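Colleague: Quick one, fold the following:
(one chain, ligands or ions: 3)
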Amino acid sequence: MLTIGTHMSIAKGLAKTAENVVKMEANTMQIFSRNPRGSNFKIYTEEEIGRFQEIRKNHQFGSLLAHAPYTMNLASDQEKVYEFACTVIREDVARMDALGIENMVFHPGSHTGIGVERGIRNIIAGLDQAITGDEKITVLLETMTGKGTEIGARFEHLKAIRDGVKHPERIGICLDTCHVFAAGYDIIHDLDGVLEEFDRVLGLDLLKAIHLNDSMMPFESHKDRHATIGAGEIGWEALLGVLKHPALKELPFYLETPLDDAGHKEEIAMIKARLDTI
Ligand code: FE
Ligand code: FE
Ligand code: ZN
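Modeller: Ligands and ions are numbered 1, 2, ... in the order given. Below is the predicted model of the structure:
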């Protein structure tokens, strides 16, 4: 069965958001682990959490995904920036794990001039102070476009991070279709080849989630601009190919396309309709 949902705002609380997922005819969601542009987070009441768990169970949601804030840079060499990132990842891994959220994804970070290797060393140390090894949650590294000094545009970067940490068994990968395409992995003409390379470098068993986005920017542009499905440079055909690929079709898919809830409901319906007709 297809597991699909979108990125959801949790401004109205966890339970209300889960209700909206049901209304959208989706069966999973991605939420921010805290305010994406600041550092605040809400503390939920037991009752709120209880209602959220009930909805999710009754409607048989697939794996849920939390997304760490964009403002954290675990690759940074600047003390304040790095300490903030370490605090956020440590607190949010624990908080999202306590909620029973299956996966939490973060952008590995930008090295801002110190080089990929030193950036990766910082990310590894940051993960090591956040992950105890006793969690149930899996922390996912997202594939990135490589804009600026961003780390994670090559599968090899993600492999080096995972191999360096004390608890690699708690680390997985989230593949973003817009990002890999903009990074130069040709998922239009050679999805099989891209997945073979992923398997060779990382292992397909590490792939836990797909961010399903079209790209406003061309192949290998190293620019990160999401488009709605079919309205970008990747197109319907290639993205349907991702959804129905035997190695991917059991994974949870999360849309991060520029639409509101009503638009996402339509987008999901359209995806289901097109999948059924192939
Ligand atoms: Fe992301
Ligand atoms: Fe993404
Ligand atoms: Zn993006």
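
Colleague: When you work out contacts or count neighbours from here on, use the C-alpha atoms and nothing else.
Modeller: Will do.

Colleague: what's the distance between Gly193 and Arg162?
Modeller: Per CA to CA, to the nearest Å, Gly193 is found 22 Å from Arg162.

Colleague: neighbour-wise, which of the two wins?
Modeller: Per other CA atoms under 10 Å, whichever of Gly193 and Arg162 has more neighbours is Arg162, with 24 against 13.

Colleague: Now that one: closest residue in space that isn't a chain neighbour?
Modeller: In this structure, Arg162 finds its nearest non-sequential neighbour in Pro168, 5.4 Å apart by CA to CA, 6 or more residues apart in numbering.

Colleague: In the stretch 51-200 of the chain, what residue spans correspond to helices?
Modeller: 79-98, 116-128, 155-164, 177-183, 191-201 (DSSP state H, counting those that start in this stretch).

Colleague: I'd like those laid out as TSV, including mean pLDDT.
Modeller: Formatted as TSV, the helices of the stretch 51-200 of the chain follow (pLDDT from 0 to 100):
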stretch	mean pLDDT
helix 79-98	98
helix 116-128	98
helix 155-164	98
helix 177-183	98
helix 191-201	98
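
Colleague: Let's have these in JSON lines, adding distance to Gly230.
Modeller: Shown next, in JSON lines, are the helices of the stretch 51-200 of the chain (distance: least, CA to CA, whole Å):
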{"stretch": "helix 79-98", "distance to Gly230": "32"}
{"stretch": "helix 116-128", "distance to Gly230": "34"}
{"stretch": "helix 155-164", "distance to Gly230": "25"}
{"stretch": "helix 177-183", "distance to Gly230": "12"}
{"stretch": "helix 191-201", "distance to Gly230": "17"}
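
Colleague: Highest average neighbour count across these: which stretch is it?
Modeller: Most buried of those by mean neighbour count (mean count of other CA atoms under 10 Å) is helix 177-183; its value is a mean of 28.

Colleague: That one packs against which elements?
Modeller: Judged by 3 or more CA pairs under 8 Å, 6 or more residues apart in numbering; DSSP states H and E, the packing partners of helix 177-183 are strand 207-212, strand 214-215.

Colleague: what's it in contact with?
Modeller: 143-146, 153-154, 186-187, 210-215, 217-226, 234 (CA atoms under 8 Å, 6 or more residues apart in numbering).

Colleague: Can you flag which of these belong to strands?
Modeller: The strands, defined by DSSP state E, take in Ile210, His211, Leu212, Asp214, Ser215, His226 from the contacts of helix 177-183.

Colleague: That concludes my questions; thank you for your assistance.
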